[in-house]
Every structure is written in structure tokens, then in C-alpha cells.
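# Below are the sequence and a predicted model; questions follow.
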Amino acid sequence: MNKGGHIYFKVFLEELEKRGYVEGKNLLISRFSAEGAAEKYDLITKEAVESKPDVIVTSSDRIILALSKLTQTIPILGFMTDPVAYRVASSISHPGGNVSGVMVNPSLDIWKKRVEYLKDIAPETRQIFVLSARSLWESPAIASIREAIEQSGCTMVGPPVESPHREPQYQAAFSEAAKTAQACIVSTSLENLSNKELVVRLATEHRFVSIYPVREYVDAGGLIAHDVDLPGLWAQLARQTSLALAGTSVADMPFYQPFRLRLIINLKAADEIGAKVPADLLARADEVID
């Protein structure tokens, strides 16, 4: 499991405890972190595999991909966009290998809907900045976003955020993108979520009409979230982990797919960037924050 301080690990551990696995009693957890530096991924995945755990849990496509190249026997559970596209599973319903978990935003239709929401607010948009780590820029996840943007008649622009994914790197990416882009799609990369307050601040400063993948960004002052309920998905990952610890084969464990996303709009954030949210979009929202 990656090291981190956000609430989702608490949700994960609480769900495991409900199923009889309590850290410090009958559960030992070793934590590994790249601390925001993509160049450390190879090191921490090697260390994790060499520790010979019963199960490895992570929240990153890239970490899962790296782990799957190092072991075909240790069960790996985590969040992925499209495990088939990444070639770590033969199918969603029957992975067939040692990788399973939860799928996040796998559908092209989800990204098409997010582009639609952006253009509802900023119909003049032609260039859309995609906020993503450099290590994800050529991934299947970003390819889906690019396709959705191009199908809308717009162009995806960067630049990606360079490692180690801290304030100077985010400032540089936003400043360059602001030269051409009018709107922003924030990808599901863990680096973005770990820097959510910074991301929202920079998006506001550059007056981007921005859409985010989870409500935590809106709680931090962001404009729109098309929310996948991360706490609920972490609880689901804990349930899968408990099954793996009990001996269930990951090869036969289907990837879990969330079926409904919530649209959350922050009107205060719209006012701050001078954007007007159409009444029909507000009517479609699951939650409006004044």
C-alpha cells in the first residue's frame, strides 16, 4: 500500500476491520511511497515485491503496471482506468492473472460527458488543457481523454506536469497552458489529488473553466466535479482485499465498475472566474454549492 495521509486509507482500514483484519493485531501493513517522484516508481515496486507480502494494494495504473512486470504470483489489487488496455488482465469479468481491483473512469463516454459540461459553460472553448503527470501522458487513460476532446471538435493541449509534481512543476504547466487553453480537464492521476488545493488555486488564478474527477476538488473550491465516490471505492477495494487475504483467487475476481457518477457544481467558484453556469446544467446537477 502506498503511504499517505488522506482519509481514504482510513476508510480502507475501517472496512478491513469490519471483515476481521485489524492492523497491529492480525494484519501487518508495509507502506511504500514515491513521494511524488515518478523516477522512484521502479525502486518502490521492487522493494514491495521483495518484501513478499500476501497482497499488494495500490492506487495507481503506473504502479500496477510496474508491479505486474515484477511478479505474476503475488495478488495485486488497486485502481485502474482500463486493465485490458494496459494488458494486465484478459477481461474485466475474469482477469485471469494476478491483478484485479476497481476501475475508475474507464469509459470514453464519461470523458465525452465531461467535455460536454465544459462546453456548456464555455461554448467558445477550442483548446482544452489536460492536467496530467508526464508519466501518464502517453497512457491509455489520457488517450481516452484526447479522443473525447477531439470528437467534440476541440484540441487537447499540455504540457504535462513534470516530476516531482510539486508547486513549481504545476505552476509551469498551468502558465504554459494558459497561453492557448480556455478550459481544463483534471485527470484522475494520484499526483493531482495529492495536490488538490494547489490545482484548484492555479485553475482559479488562470481563470480556467475546469472539471474534476472527484468532489474533493470542489470542496477545495473547484468549479465542477463529475464524482466517482472515492471513499466508497476504497471500501470496495478493502472488500476485495479481504477476499484475497482469505484465499480467493484474484484471477477469478472481477474488476468492480462504478455505475453512477454525481455532478456537483460550485457557484462561488464560477463567480470567482467570471463564468456563468447555464440554468439547464444546474437543473441536471446532483448538488449545487452556493
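Received it, and whenever you're ready, just let me know what you need. Numbers count the residues shown, from 1 in each chain.
# Which secondary structure state does the most centrally placed residue in the chain sit in?
In the chain, the residue lying closest to the centroid (C-alpha atoms, centre = their mean) is T188, at 2.6 Å. Under the three-state scheme (DSSP: H, G, I helix; E, B strand; the rest coil), T188 adopts coil.
# Tell me who's in contact with it.
Residues near T188 by C-beta atoms under 8 Å, 6 or more residues apart in numbering: T81, V104, N105, A141, P213, V214. Where C-beta positions appear, they are placed from N, C-alpha and C, glycine not excepted.
# The fourth one: neighbouring residues, count only.
A141 has 25 neighbouring residues, counting by other C-beta atoms under 10 Å.
# about what we covered before: put together a markdown table for the contacts of T188, with pLDDT, distance to S90 and secondary structure on each row.
Below are the contacts of T188 laid out as a markdown table (pLDDT from 0 to 100; distance: C-beta to C-beta, whole Å; DSSP: H, G, I helix; E, B strand; the rest coil):
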| residue | pLDDT | distance to S90 | secondary structure |
| --- | --- | --- | --- |
| T81 | 88 | 17 | coil |
| V104 | 87 | 20 | coil |
| N105 | 75 | 21 | coil |
| A141 | 87 | 19 | helix |
| P213 | 93 | 27 | coil |
| V214 | 92 | 29 | coil |
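# that older thread, skipping adjacent residues, who's closest to the residue nearest to the centre of the chain in space?
Using C-beta to C-beta, 6 or more residues apart in numbering and skipping the chain neighbours, the partner closest in space to T188 is P213 (4.7 Å).
# Quick one: name whatever helix or strand follows the lowest-mean-pLDDT helix or strand in the chain.
In the chain, the helix or strand scored least confidently by mean pLDDT, DSSP states H and E is helix 190-194, which has a mean of 89. Counting by DSSP states H and E, the next helix or strand C-terminal to helix 190-194 is helix 196-205.
# quick one, strands of the stretch 1-150 of the chain?
Assigned by DSSP state E, counting those that start in this stretch, the stretch 1-150 of the chain shows strands spanning 56-58, 76-80, 99-103, 127-131.
# what about the helices in the stretch 151-290 of the chain?
167-177, 190-194, 196-205, 215-219, 230-245, 267-273, 279-284 (DSSP state H, counting those that start in this stretch).
# can I get these in a markdown table with mean neighbour count and distance to A148?
Formatted as a markdown table, those follow (neighbours: other C-beta atoms under 10 Å; distance: least, C-beta to C-beta, whole Å):
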| stretch | mean neighbour count | distance to A148 |
| --- | --- | --- |
| helix 167-177 | 17 | 18 |
| helix 190-194 | 22 | 18 |
| helix 196-205 | 20 | 19 |
| helix 215-219 | 22 | 19 |
| helix 230-245 | 20 | 21 |
| helix 267-273 | 16 | 22 |
| helix 279-284 | 11 | 18 |
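# Low-confidence ranges, the stretch 51-200 of the chain, go.
Across the stretch 51-200 of the chain, the ranges flagged by pLDDT under 70 are 106.
# make it 90
Counting by pLDDT under 90, the stretch 51-200 of the chain has low-confidence residues at 59-62, 81-82, 85-86, 104-109, 135-136, 139-141, 188-190, 194.
# Any figure for the gap between the residue nearest to A270 when sequence neighbours are not counted and K10?
Excluding the flanking residues, the one nearest A270 by C-beta to C-beta, 6+ apart is V277, at 5.2 Å. Going from V277 to K10 by C-beta to C-beta, to the nearest Å gives 33 Å.
# Look at those two and report which has more neighbours.
When V277 and K10 are compared for neighbours, V277 comes out ahead with 21 against 12, by other C-beta under 10 Å.
# and that one, what are its phi and psi?
phi -90, psi 120 (degrees, to the nearest 10).
# Thought I121 was touching it, still the case?
Yes: counting by C-beta atoms under 8 Å, V277 touches I121, with 5.7 Å between them.
# what touches both of these two?
Residues touching both V277 and I121 (C-beta under 8 Å, 6+ apart): A270.
# how long is stretch 118-136 end to end?
Using C-alpha to C-alpha, to the nearest Å, one end of stretch 118-136 lies 22 Å from the other.
# Got the confidence number for the residue nearest to A270?
With respect to pLDDT, V277 has a value of 98.
# State the distance from it to V209.
10 Å.
# And for P95?
Distance from P95 to V209, by C-beta to C-beta: 38 Å.
# Which one's more surrounded, those two?
V209 (25 against 22).
# Quick check: bridge partners of that one?
Beta-bridge partners for V209, by DSSP bridges, are A183.
# on that earlier part again, wait, which of the helices of the stretch 151-290 of the chain is closest to V115?
Closest of the helices of the stretch 151-290 of the chain to V115 is helix 279-284, at 13.4 Å (criterion: C-beta to C-beta).
# Sounds good, over and out.
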